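K.L.:
what follows is a predicted protein model with its sequence.
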Amino acid sequence: MIKTATKDLSAGMVTAEPVYSKTGQLLFPANTVLTSQQITYLEFYGVESITVIPEKDINDDSLDNDSSAPEAEQETYAQKVKKSRKFHEFKVDYDKKTTMLKDCYKQVIDKKEPLDPDALLNQVSSLYSNHLTSLSVFDMLHNMRQIDDTTYAHCINVAIISRMLGEWVDITGEDLEALTLAGLLHDIGKCLIDPKILTKPEPLTEEEYRYVKEHPNLGLKILTDSNSPVDKRIRSAVLMHHERCDGSGYPAGRKGDTISDFAKIVAIADVYDAMTSNRCYRKGICPFEVIATFERKGFDRYETKYLLPFLHHIIDTYIGNSVLLNDGSSGKIIMINRQFLSRPVVSTAAVTYLDLSTHPELYIQAII
């Protein structure tokens, strides 16, 4: 038997012993052939590790591989995306561009090379120009979540999401290119923050948090010191992407119209990506929980003319995805409730049309 961390499990592995939740609930019996959905269940039940049978010792006759179980249903939408050639090509390109961005930031900060905004934009443009619709781009990003959640990957994600939001609100041409760069450079100041603090798994102390909150000012300083022709709207986005319309943000506590439009757009993309991404101190939050948070608290903090189009478009990218509900059942999103964006209509094995807006006791716990 081999004890294996849940995060290292893969579909096809076989349980050597019964698997129980922390409260003693039997999740899976011994000799269960694990699927991707079952591994998701283990993660959400907080199971940190299980014992599996070494591949050479697996006896096919003893395996519990009941195809009638909900976890062994047909391949999920996410699984299909991850198996596609487009996803493979995107991942290879994404990995290259993440490494390129890290090297570029280092060169600029060390003052070995000046920042060339046009060259930087050209380097990452393939990530969205080769995927013609926002749906296909977000399919790629949704399924990159467990692959790379570094600061550099986050900056690329925010650049792509900002660009999509820009298109949704009819920003075009050179303005759209500048907005994309604003997203790409928004967190460059974090490169001057001690990595031990950025990757600290425990809660930050007040002093550490004050230190991290300096990264917008540090980012602006990097751009200023680089003596590069950086659009003033990009500089303002780097400085103001943590400002909030109600004055609750930082570093200056700006309000409303004193915050630049680019900063308001990047702020939405930044928060969405940060909350849905894995971090050293927590797993990524389910996108539907993030959308629910935006619905409850977002309209005071973020610019409504940008937040509404973002929510309405981003929710459409999840139609057809398989989801795990908080009661343990799984299903597929088939329709969006325009009045309750975080509570769509789901088709499950038990109910063909389950309208979550009429079932407050249920909610989407994870995309699977």
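P.N.:
Structure's in. What do you need?
K.L.:
can you give me the strands in this protein?
P.N.:
2-5, 19-20, 26-28, 49-52, 322-325, 330-335, 345-348, 354-355, 364-367 (DSSP state E).
K.L.:
and for the closest residue to residue 309 other than its chain neighbours, the neighbour number?
P.N.:
Nearest non-adjacent residue to residue 309, counting by Cβ to Cβ, 6 or more residues apart in numbering: residue 168, 4.6 Å away. All C-beta atoms are positioned from the backbone trio N, CA, C, and that covers glycine. Residue neighbour count, defined by other Cβ atoms under 10 Å, stands at 17 for residue 168.
K.L.:
from residue 313, how far off is residue 168?
P.N.:
5 Å (Cβ to Cβ, to the nearest Å).
K.L.:
can you check residue 180 too?
P.N.:
Residue 180 is 17 Å from residue 313, by Cβ to Cβ.
K.L.:
of the two, which one has the most company?
P.N.:
residue 180 (24 against 17).
K.L.:
my guess is that one contacts residue 162. True?
P.N.:
Yes - the pair residue 180 / residue 162 is scored as a contact, 6.4 Å apart, by Cβ atoms under 8 Å.
K.L.:
not counting sequence-adjacent ones, nearest residue to residue 364?
P.N.:
With Cβ to Cβ, 6+ apart, the residue lying closest to residue 364 is residue 288, at 4.1 Å.
K.L.:
quick one: the one you found and residue 337 touch, right?
P.N.:
No - in this structure, residue 288 is not within contact of residue 337 by Cβ under 8 Å, at 11.5 Å.
K.L.:
now the common contact residues for the two.
P.N.:
Common neighbours of residue 288 and residue 337, using Cβ atoms under 8 Å, 6 or more residues apart in numbering, are 343-344.
K.L.:
so how many other residues sit close to residue 361?
P.N.:
7.
K.L.:
number the chain from 43, please
P.N.:
Yep, numbering from 43; the last one is residue 403 now.
K.L.:
how much space separates it from residue 393?
P.N.:
Counting by Cβ to Cβ - residue 403 and residue 393 are separated by 14 Å.
K.L.:
can you list residues touching both of these two?
P.N.:
Counting by Cβ under 8 Å, 6+ apart, nothing touches both residue 403 and residue 393.
K.L.:
helices or strands up against the longest helix seen in the chain?
P.N.:
As assigned by DSSP state H, the longest helix anywhere in the chain is helix 127-151. When contacts are defined as 3 or more Cβ pairs under 8 Å, 6 or more residues apart in numbering; DSSP states H and E, helix 127-151 sits against helix 159-166, helix 168-171, helix 176-184, helix 193-210.
K.L.:
ok now it, how far from the chain's centre?
P.N.:
17 Å (Cα atoms, centre = their mean, to the nearest Å).
K.L.:
can you list the buried residues in it?
P.N.:
129, 132-133, 135-136, 139-140, 143-144, 146-147, 150-151 (16 or more other Cβ atoms under 10 Å).
K.L.:
closest one of those residues to residue 161?
P.N.:
Using Cβ to Cβ, residue 146 is the member of the buried residues of helix 127-151 that lies nearest residue 161, at 8.7 Å.
K.L.:
relative to residue 410, how far out is the closest one?
P.N.:
For residue 146, the distance to residue 410 - Cβ to Cβ - is 35 Å.
K.L.:
any stretches of the stretch 193-342 of the chain with poor pLDDT?
P.N.:
322-324 (pLDDT under 70).
K.L.:
what about residue 344, how many residues nearby?
P.N.:
Counted with other Cβ under 10 Å, residue 344 comes out at 22.
K.L.:
with residue 382 instead?
P.N.:
15.
K.L.:
give me whichever of the helices and strands packed on helix 127-151 is most buried.
P.N.:
Ranked by mean neighbour count, those are led by helix 193-210 with a mean of 24 (mean count of other Cβ atoms under 10 Å).
K.L.:
what angle do helix 127-151 and it make with each other?
P.N.:
110 degrees (axes from the mean of the first three to the mean of the last three Cα atoms, to 10 degrees).
K.L.:
what does the model give residue 115 for pLDDT?
P.N.:
Residue 115 carries a pLDDT value of 46.
K.L.:
kindly apply the preceding question to residue 393 instead.
P.N.:
pLDDT at residue 393 comes out at 84.
K.L.:
number of residues surrounding it?
P.N.:
13.
K.L.:
distance check, it against residue 378.
P.N.:
In terms of Cβ to Cβ, residue 393 sits 17 Å off from residue 378.
K.L.:
neighbour count winner among residue 330 and residue 379?
P.N.:
Between residue 330 and residue 379, residue 330 has the larger neighbour count (other Cβ under 10 Å), namely 23 against 15.
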